[in-house]
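Undergrad: I'd like to go over a predicted model; first the sequence, then the structure.
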Amino acid sequence: MSALKGRRCANCGSADCGMDAVAVWDNVSQEYVLGTVYDDGWCQDCSTDTPPEEFELEGEELIAAERAIHTAAATGLLAALEAVLPYARSRAEDMHEDGGGDTCRFWQKANAAVLAAEAAIKRAKGVA
Ligand SMILES: [Zn+2]
């Protein structure tokens, strides 16, 4: 992973800063999304309009950011696995019925994948 970046006030170093911008309504996501970002920044602590400066995250900030990124990725993978599992299980059952039962090598591989996915979901949820 490339270095994670943070932003801080270029004048006083405060993290309570940002850029002037406009939010626009998005019909698909049903929420406001970032539209235009203007050239001026803001800081709640020193009231400068200088844009925040970028810096490489380190220490506790870096650990917290990396942890949040990994959690979001794991949550997304778990949701995808849970979404696809019923279809994989159904397809494995079809292979078992159509392919000659327990000796069907396609069913054996599909069944092993389903069992591995079920075990991974249980581990991720702390069930097993
Ligand atoms: Zn400031």
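TA: Ah, there it is.
Undergrad: what is the neighbour count of the spatially closest residue to Cys12 that is not a sequence neighbour?
TA: Counting by CB to CB, 6 or more residues apart in numbering, Cys12 lies nearest to Cys46, which is 4.2 Å off, once chain neighbours are set aside. Quick note: C-beta positions are derived from backbone N, CA and C, even for glycine. Number of residues near Cys46 (other CB atoms under 10 Å) recorded here: 15.
Undergrad: please begin residue numbering at 44 from this point
TA: Sure, I'll start counting at 44 from here, so that last one is Cys89.
Undergrad: quick one: contacts for Cys89?
TA: Listed by CB atoms under 8 Å, 6 or more residues apart in numbering, the contact partners of Cys89 are Cys52, Asn54, Cys55, Ser57.
Undergrad: against Ser57, how distant is it?
TA: Per CB to CB, to the nearest Å, Cys89 is found 7 Å from Ser57.
Undergrad: to what extent is Cys147 buried, counted in neighbours?
TA: Neighbours of Cys147 under the rule other CB under 10 Å: 17.
Undergrad: and Asp82, by the same measure?
TA: Based on other CB under 10 Å, the number of other residues close to Asp82 is 8.
Undergrad: pretty sure the residue nearest to Cys55 sits in a strand.
TA: No - assigned with DSSP: H, G, I helix; E, B strand; the rest coil, Cys89 falls outside any strand and is coil.
Undergrad: what ranges do the helices span in this protein?
TA: Assigned by DSSP state H, the chain shows helices spanning 102-141, 148-167.
Undergrad: mind checking which of the ones you listed is nearest Glu96?
TA: Nearest of these to Glu96, taken as CB to CB: helix 102-141 at 14.9 Å.
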